[in-house]
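Enquirer: Structural data only, the sequence is not supplied:
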């Protein structure tokens with residue numbers, strides 16, 4: 001294996017598009033590549049090392065899905081179960097239509113949360129969130145927020161189509177109810193600790209603030225700010241500091257199943273390696289059965305639902321249980337394996353797990369609106385070109 005092309009690709013990204021990046025690759029349970037390029041702090045010239053803590057946003061979703069499937073394996077529920085069996089507030093749901101609001105004809109199921117076909121949106125500027133902030137005093141306790149979301153009309157009939165949404169946040173609430181543990185506690189005990197993930201959290205521990213990589217955004221920005229950035233970094237001036245908040249963690253008590261994990265490149269790669277090895281961690285601890293991982297990477301979308309799954313970077317992919325899954329090499333132009341699976345995050349993290357090749361990649365930069373259409377398909381192709389022996 002020769003990872004020169006992957007190293008060069010990462011260097012090219014940091015020279016043109018992103019402030020800094022890190023990647024870790026596992027093959028057959030062994031770390032075969034670890035590299036960082038660019039800066040964790042552009043203004044101070046602090047190099048990226050891979051030890052920085054970062055927000056991985058929606059790359060949290062595969063871990064939430066894995067946790068949900070652990071409970072599935074324990075017989076806690078079926079994917080066909082209506083979620084109101086466990087959270088009664090979701091029994092009588094309503095749907096927004098062109099002609100007003102009507103009662104939903106179908107109940108939301110556990111499987112629809114995992115496949116993002118339940119009817120939720122990602123709109124957080126709603127009366128439901130206003131109420132949640134009021135009744136929690138802004139602390140946004142997870143289950144109270146989810147209960148408020150249940151009062152918001154759905155954007156379509158459950159099961160009608162695919163839509164990126166708060167489904168995995170509601171799924172975190174379901175995990176909390178069924179397990180009897182706070183979601184972040186369940187994740188620590190059942191995902192992080194079994195895989196020796198000591199640098200993965202849902203809220204930044206006290207004293208760890210200086211380990212966070214600075215968070216940036218790619219935009220034109222104010223001309224004065226661009227000039228200052230060019231003078232300090234020599235870059236094209238479109239990478240701007242974006243502050244250190246994660247807007248999808250709604251309060252100090254909110255454990256976001258969809259976007260809440262803070263981690264390092266090396267730590268989260270351990271979870272991806274477990275997915276690639278069909279549920280078996282690098283340390284020999286199994287978090288999922290091989291059959292369950294196979295189910296998770298099986299396309300669950302109907303032909304009708306696929307009409308709404310149209311992101312360019314996911315051409316040739318379907319969607320399984322919390323994971324994209326490659327279903328057409330000709331449509332995707334991918335040199336990877338059918339069934340290659342993973343997901344991406346809003347600040348540039350991306351996950352790839354290939355059970356056929358026992359291949360795992362976790363790549364991350366820390367920049368919002370991170371040019372995903374450009375780098376994600378190319379990154380996958382470069383990776384596969386490096387692993388031939």
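Expert: Looks like it arrived, so ask away. Keep in mind that what you see is a predicted model, and the values were worked out from it rather than measured.

Enquirer: Distance from the chain centre to the helix or strand containing residue 6, please.
Expert: When elements are assigned from DSSP states H and E, residue 6 belongs to helix 4-16. With CA atoms, centre = their mean, to the nearest Å as the basis, the distance from the averaged C-alpha position of helix 4-16 to the chain average is 23 Å.

Enquirer: what residues does it touch?
Expert: 20-21, 23, 25, 33, 35, 37-39, 48, 236, 363, 365, 375, 378-379, 382-383, 385-386 (CB atoms under 8 Å, 6 or more residues apart in numbering). All C-beta spots, glycine's among them, are computed from the backbone N, C-alpha and C.

Enquirer: which among those residues end up buried?
Expert: Neighbour-count burial (16 or more other CB atoms under 10 Å) applied to the contacts of helix 4-16 gives 20-21, 23, 25, 33, 35, 37-39, 48, 363, 365, 375, 379, 382-383, 386.

Enquirer: Tell me which residues of the helix holding residue 6 come out buried.
Expert: Applying a neighbour-count criterion of 16+ other CB under 10 Å, one finds 6-7, 9-10, 13-14 buried in helix 4-16.

Enquirer: With stretch 46-62 instead?
Expert: Applying a neighbour-count criterion of 16+ other CB under 10 Å, one finds 48, 50, 52-62 buried in stretch 46-62.

Enquirer: That one spans what distance, first to last residue?
Expert: 30 Å (CA to CA, to the nearest Å).

Enquirer: Show me where the chain dips below the pLDDT cut-off.
Expert: Counting by pLDDT under 70, the low-confidence segments of the chain come to 220-237, 370, 389.

Enquirer: what's the single longest strand in it?
Expert: strand 30-41 (DSSP state E).

Enquirer: can you list contacts of the very next helix or strand once past that strand?
Expert: Proceeding C-terminally, strand 30-41 gives way to strand 46-47 as the next helix or strand, assigned by DSSP H and E. Where contact means CB under 8 Å, 6+ apart, the residues beyond strand 46-47 that reach it are 20, 36, 38-40.

Enquirer: Can I get those residues in JSON lines including distance to residue 157?
Expert: Output for the contacts of strand 46-47, formatted as JSON lines (distance: CB to CB, whole Å):
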{"residue": "20", "distance to residue 157": "44"}
{"residue": "36", "distance to residue 157": "46"}
{"residue": "38", "distance to residue 157": "45"}
{"residue": "39", "distance to residue 157": "47"}
{"residue": "40", "distance to residue 157": "45"}
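
Enquirer: biggest separation within those residues, which pair?
Expert: Across the contacts of strand 46-47, no pair lies farther apart than 36 and 39, at 9.7 Å, counting by CB to CB.

Enquirer: between those two, what contacts are shared?
Expert: 20, 47-48.

Enquirer: list the contacts for residue 260?
Expert: For residue 260, the contacting residues are 60, 184, 202, 246, 248-249, 254, by CB under 8 Å, 6+ apart.

Enquirer: Among the residues you listed, which are located in helices?
Expert: Under the assignment DSSP state H, the contacts of residue 260 contribute 60, 184 to helices.
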